[in-house]
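Asker: Build me a model from this:
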Amino acid sequence: MRFCAARHLREEILALRPSAICFLGKGNATPAAKVLFGDGVGAEPLEVALEGWRGLIAVAPQPVRGHETTTRGIVERLDLLLRRDDL
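Answerer: Prediction:
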């Protein structure tokens with residue numbers, strides 16, 4: 001996943017220019033997010049830039065096996081930040 005993120009996800013982000021990205025799956029998605037955005041990525045939404053694109057990112061656990069509430073909370077924080085006027 002880390003290799004593919006560096007090669008393909010970077011291009012997809014630059015083409016689609018989403019306002020926010022929530023990487024699902026802390027175990028596999030965290031290394032992929034770190035390849036693109038550095039060591040500061042985690043559950044707390046982070047404003048990042050990538051070759052002219054700017055947006056919010058966060059890493060959340062898969063919404064299964066008891067993590068539904070945690071994942072929902074992270075997505076809700078991303079949504080609240082997107083609604084701010086200064087982004």
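Asker: Just say helix, strand or coil for residue 57.
Answerer: Using DSSP: H, G, I helix; E, B strand; the rest coil, the structure places residue 57 in strand.
Asker: try residue 62
Answerer: From three-state DSSP, the assignment for residue 62 is coil.
Asker: Leaving out chain neighbours, which residue sits closest to it?
Answerer: Spatially, and ignoring its direct neighbours in sequence, residue 62 is nearest to residue 25 (5.0 Å; C-beta to C-beta, 6 or more residues apart in numbering). C-betas here are computed from N, CA, C, even on glycine.
Asker: Surely that neighbour and residue 63 touch.
Answerer: No: Residue 25 is beyond contact range of residue 63, at 9.8 Å (criterion: C-beta atoms under 8 Å).
Asker: what number of residues lie near the residue nearest to residue 62?
Answerer: Residue 25: 16 surrounding residues under other C-beta atoms under 10 Å.
Asker: so what's the backbone phi/psi at it?
Answerer: phi 110, psi 90 (degrees, to the nearest 10).
Asker: Quick check: pLDDT value at residue 86.
Answerer: We have a pLDDT of 55 for residue 86.
Asker: just the helices in this protein please.
Answerer: 2-4, 10-16, 26-37, 68-82 (DSSP state H).
Asker: so where's this structure shaky on pLDDT?
Answerer: 85-87 (pLDDT under 70).
Asker: show me what contacts the residue nearest the centre of it?
Answerer: Nearest to the mean C-alpha position of the chain, by C-alpha atoms, centre = their mean, lies residue 57 at 3.1 Å. Taking C-beta atoms under 8 Å, 6 or more residues apart in numbering, we find residue 57 in contact with 20-23, 33, 37, 41, 45-46, 48.
Asker: Compare these and tell me which has the most neighbours.
Answerer: Among the contacts of residue 57, residue 33 has the most neighbours (other C-beta under 10 Å), with 26 neighbours.
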